[in-house]
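A.B. asks: Fold the following, please.
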Amino acid sequence: MLNFIDCALSHTFRPPSKNDWHIFPKTGIFIAVTTSRKGRKMKYQKLKNQEAQWKWRYLIKKSRDGEAITRYEERSLADAKVKELLDAQNYPEQIESWIAENMAENLVIKLDQAIRARRKRFFNAEKQSTKKKSIDLEYGVWSRLSKYSRKMNMTLSETISYMIDERESKALYESQMSAMKAGLKDLLKK
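C.D. replies: Below is the predicted model:
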C-alpha cells in the first residue's frame with residue numbers, strides 16, 4: 001500500500017487501475033486514492049500552493065475581524081507579524097513558514113479544519129454529482145422534511161427532488177384537465 005498521493009497533469013498518462021484513481025476532467029489531474037499510515041482512506045490531494053492561499057485568506061480574514069492570529073501579546077509585534085503575512089500573499093513557502101513560526105496556538109486546529117473542509121468542497125465541486133450547496137431551513141420545516149424523508153426511505157435531497165417532480169406533474173395534469181374541460185365545453189356548445 002502506498003502512503004502518498006500520486007498525480008499526473010499529463011492527459012496522456014493512464015492510471016494502472018480504475019478503482020485506485022480519481023480523474024478530475026476540468027483540471028486534467030489524476031489522483032491516486034491511497035491509504036494513510038493510520039489505515040484511513042485519503043480522499044483528497046493536498047495542493048500546497050492552493051492551500052497556502054486558503055490559509056492566507058483565512059488568517060487575514062480573522063485578523064481583519066479583530067481576532068488575534070499571532071502568538072505574540074505585544075500589539076506592535078503582532079501588527080508587524082500580520083504585516084509580514086500580508087506581504088507574503090503570493091509566496092506559499094513564506095506563508096507556511098509564517099504559520100509555523102507566528103500563528104496563535106488556538107488557531108492550529110481551527111485552521112486545519114477550515115482547510116480540510118475547503119479542500120473537500122474544492123474537489124467535490126469538480127464533479128456535478130458531488131457538488132453541494134447549503135440552504136437554510138426553519139426547524140419546523142426541517143423536522144417535517146426529515147420525517148417525510150425517513151418515511152420515504154430517501155435522503156433530504158432526494159425527497160426535495162421528489163416533491164418538486166410531484167408538484168410539476170400535478171401542475172401538468174391540472175393544465176391538461178383544464179384544456180380537456182375547455183374542449184368539452186366547446187363541444188357541448190355546438
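
A.B. asks: contacts and neighbour counts: CA atoms only from here.
C.D. replies: Fine.

A.B. asks: Show the secondary-structure elements that the top helix by length along the chain is packed against.
C.D. replies: Counting residues, the longest helix found in the chain (DSSP state H) is helix 156-189. Helices and strands touching helix 156-189, by 3 or more C-alpha pairs under 8 Å, 6 or more residues apart in numbering; DSSP states H and E, are helix 139-152.

A.B. asks: Report the buried residues of the helix it packs on.
C.D. replies: Neighbour counts over helix 139-152 (16 or more other C-alpha atoms under 10 Å) mark 145-146, 148-149 as buried.

A.B. asks: name the element residue 110 belongs to?
C.D. replies: Using DSSP states H and E, residue 110 sits in helix 108-124.

A.B. asks: Against which helices or strands is that helix packed?
C.D. replies: Helix 108-124 packs on helix 48-64, going by 3+ C-alpha pairs under 8 Å, 6+ apart.

A.B. asks: what angle separates the first helix or strand past the helix it packs on going along the chain from helix 48-64?
C.D. replies: Downstream of helix 48-64, the next assigned helix or strand under DSSP H and E is helix 75-87. Inter-element angle recorded for helix 75-87 and helix 48-64: 140 degrees (by axes from the mean of the first three to the mean of the last three C-alpha atoms, to 10 degrees).

A.B. asks: Outside of helix 75-87 itself, list whatever touches it.
C.D. replies: 56, 60, 63, 69-72, 95, 98, 102 (C-alpha atoms under 8 Å, 6 or more residues apart in numbering).

A.B. asks: Pipe these into JSON lines and attach distance to residue 80 and neighbour count per row.
C.D. replies: Shown next, in JSON lines, are the contacts of helix 75-87 (distance: C-alpha to C-alpha, whole Å; neighbours: other C-alpha atoms under 10 Å):
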{"residue": "56", "distance to residue 80": "16", "neighbour count": "22"}
{"residue": "60", "distance to residue 80": "13", "neighbour count": "19"}
{"residue": "63", "distance to residue 80": "12", "neighbour count": "15"}
{"residue": "69", "distance to residue 80": "12", "neighbour count": "24"}
{"residue": "70", "distance to residue 80": "10", "neighbour count": "24"}
{"residue": "71", "distance to residue 80": "12", "neighbour count": "16"}
{"residue": "72", "distance to residue 80": "10", "neighbour count": "15"}
{"residue": "95", "distance to residue 80": "15", "neighbour count": "22"}
{"residue": "98", "distance to residue 80": "12", "neighbour count": "18"}
{"residue": "102", "distance to residue 80": "11", "neighbour count": "16"}
